[in-house]
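S.K.: coordinates only, sequence not included:
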């Protein structure tokens, strides 16, 4: 059953979080946001922390939230679960998702079990997804250079129509997608980020994400566990990128995962944090904040001083 969530109906804890400067989009534990605007409506696909054990990220389905205005949110339920992929184990972990719309279809990119990424397709964004293949799109056991963990997929479609899939922990990966959005188009390659330093605790950990503004490609990522959200810029979706600075500082949880969406001339940063009672590193909450660019194109750090 879908449940309409308004600011007036949020839990007392959510209102407290609002007073402190951050507001969860739902009183349900959710994390790893994948935000999109489909037909003028915000859609946020998420890892469902509410249904995990509370001791690990072991849920087996994903969650969807929608909003016309970033203020009133609807819990749209479960768009799909791991069971859509017959090649996956029934209890395989459903981690940070991604979605895309192309050729009149909605595509859902699903990290399954920590070693594979599946892709499902539907005619609508809120359900009806079926496996777009008979096997995984990325498989650690099959594909060269898939990395330690092929997780955290993020899709970027450039102005020339070429689609790219980013993913991976510890070493970021990128691979081109074919026009069907369900097949790899060439080898998986490492993403080069210049200016990283272990001594300065500026390293890549996970959560790769790419967006473009004014001909500049912005590559954002988490530095680890716990991690900051940093960004790097380049002139090609394939890089190389140069580390430019901090977007979001450390949070009081063990992970940090972001995504960015632009709509009607404004840019928004979605991320997760510990905002609800009973929350923590395995029971996280999704929040959203404005993302501001300086005149030189640099990103202004998102302030969390009011937390």
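M.R.: Received it, and whenever you're ready, just let me know what you need. Being a predicted model, the structure only gives us computed values, none of them experimental.

S.K.: only C-alpha atoms for contact and neighbour calcs from this point on.
M.R.: Noted.

S.K.: Okay, helices next: where are they in the protein?
M.R.: All helices of the chain, identified by DSSP state H, fall at 12-19.

S.K.: Can you find the helix or strand of it with the lowest average pLDDT?
M.R.: Each helix and strand of the chain was given a mean pLDDT (mean pLDDT, DSSP states H and E); the minimum falls on helix 12-19 at a mean of 37.

S.K.: Is the residue most central in space within the chain bridged to anything, and to what?
M.R.: By CA atoms, centre = their mean, the chain has its centre lying nearest to residue 34, at 4.1 Å. When assigned by DSSP bridges, residue 34 has beta-bridge partners residue 45.

S.K.: Would you mind measuring from it to residue 244?
M.R.: According to CA to CA, to the nearest Å, residue 34 and residue 244 sit 23 Å apart.

S.K.: who's in contact with residue 173?
M.R.: Going by CA atoms under 8 Å, 6 or more residues apart in numbering, residue 173 touches 146-147, 166-167, 188-191.

S.K.: Now restrict these to buried residues only.
M.R.: Neighbour counting over the contacts of residue 173 (16 or more other CA atoms under 10 Å) leaves 146-147, 166-167, 188-191 as the buried ones.

S.K.: So residue 26 is in contact with residue 285, correct?
M.R.: Yes: using CA atoms under 8 Å, residue 26 is in contact with residue 285, at 7.5 Å.

S.K.: can you give me the strands in the stretch 1-150 of the chain?
M.R.: Assigned strands in the stretch 1-150 of the chain, in chain order: 3-5, 31-38, 41-47, 62-67, 73-75, 98-102, 105-112, 116-122, 130-131, 138-139 (criterion: DSSP state E, counting those that start in this stretch).

S.K.: do the stretch 201-307 of the chain as well
M.R.: Using DSSP E, counting those that start in this stretch, the strands found in the stretch 201-307 of the chain span residues 206-213, 216-222, 229-234, 241-248, 258-263, 266-273, 285-290.

S.K.: Show me what the last one is packed against.
M.R.: Under the contact criterion of 3 or more CA pairs under 8 Å, 6 or more residues apart in numbering; DSSP states H and E, the helices and strands touching strand 285-290 comprise strand 31-38, strand 266-273.

S.K.: In contact with residue 186, which residues?
M.R.: 175-176 are the contacts of residue 186 under CA under 8 Å, 6+ apart.

S.K.: If you could redo that for residue 203, that was the one I meant.
M.R.: 196-197, 223-224.

S.K.: Neighbour-wise, give me the winner out of these.
M.R.: For these, the largest number of neighbours (other CA atoms under 10 Å) sits with residue 223, at 24 neighbours.

S.K.: Distance check, that residue against residue 119.
M.R.: Separation of residue 223 from residue 119 (CA to CA) stands at 26 Å.

S.K.: do residue 218 as well
M.R.: Distance, residue 218 to residue 119, by CA to CA: 25 Å.
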